[in-house]
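Engineer: Just a sequence and a predicted model for now, questions to come.
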Amino acid sequence: MTRRMEIVTAARSWIGTPYRHQASVKGAGCDCLGLLRGVWREVIGPEPETPPPYTADWAEAPGSCKETMAEAARRHLQEIPIETAGAGDALLFRMRRHGPAKHIAILSGPDRMIHAWSGHAVTETHIGRWWWSRAASAFRFPGVEAEDRSFRFED
């Protein structure tokens, strides 16, 4: 069984990795999906599928409102209510209020997340009102129990 602390520890080990679109190599580069993929490989094992090539604006073309990232997450992660998400779970965000969900982060505490975003290295940041207002869905890695008591949030 996967423990929340394993996921958070793995995600934290990517902090400082430069942002590189479509990459997923700790220390060399990753984007938000690459971070999730890298943590999956470290904690779960081989990736269940390889994402197709995608551009930075992949879901924003006129007339396109596909929820590609959410659909892929549903194939491999357990969707959970956002309000039940905790450390080690993944949050999917809409960067524009009515745009497609296309940014993903791993929760590391009740108001903290680890993520990679354009122009920044992987970082652990506070989840403020702006981020919470754009949370579209939440997902749990396979094998993580909802009430995993092996992890306590740091005060």
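Structural biologist: Here it is on my side, so go on. As the structure is a computational prediction, the values presented were derived from the model and not from experiment.
Engineer: Any idea what the residue most central in space within the chain is bridged to?
Structural biologist: Note on the chain: the residue nearest the mean C-alpha position is A105, at 3.0 Å, using Cα atoms, centre = their mean. Beta-bridge pairing for A105 (DSSP bridges): L91.
Engineer: now it: how far from G99?
Structural biologist: Distance of A105 to G99, given as Cβ to Cβ, to the nearest Å: 16 Å. All C-beta atoms are positioned from the backbone trio N, CA, C, and that covers glycine.
Engineer: Next up, the contacts around the residue nearest to the centre of the chain.
Structural biologist: Contacts for A105 (Cβ atoms under 8 Å, 6 or more residues apart in numbering) come out as 32, 90-91, 93, 113-115.
Engineer: which among the residues you listed gets closest to T9?
Structural biologist: Closest approach to T9 among the contacts of A105 (Cβ to Cβ): I114, at 10.5 Å.
Engineer: ok, and for the longest helix along the chain, which residues are buried?
Structural biologist: In terms of residue count, the longest helix belonging to the chain (DSSP state H) is helix 32-43. By 16 or more other Cβ atoms under 10 Å, the buried positions in helix 32-43 come out as 32-40, 42-43.
Engineer: Check stretch 86-103 too.
Structural biologist: Neighbour-count burial for stretch 86-103 flags 86-94, 100-103 (criterion: 16+ other Cβ under 10 Å).
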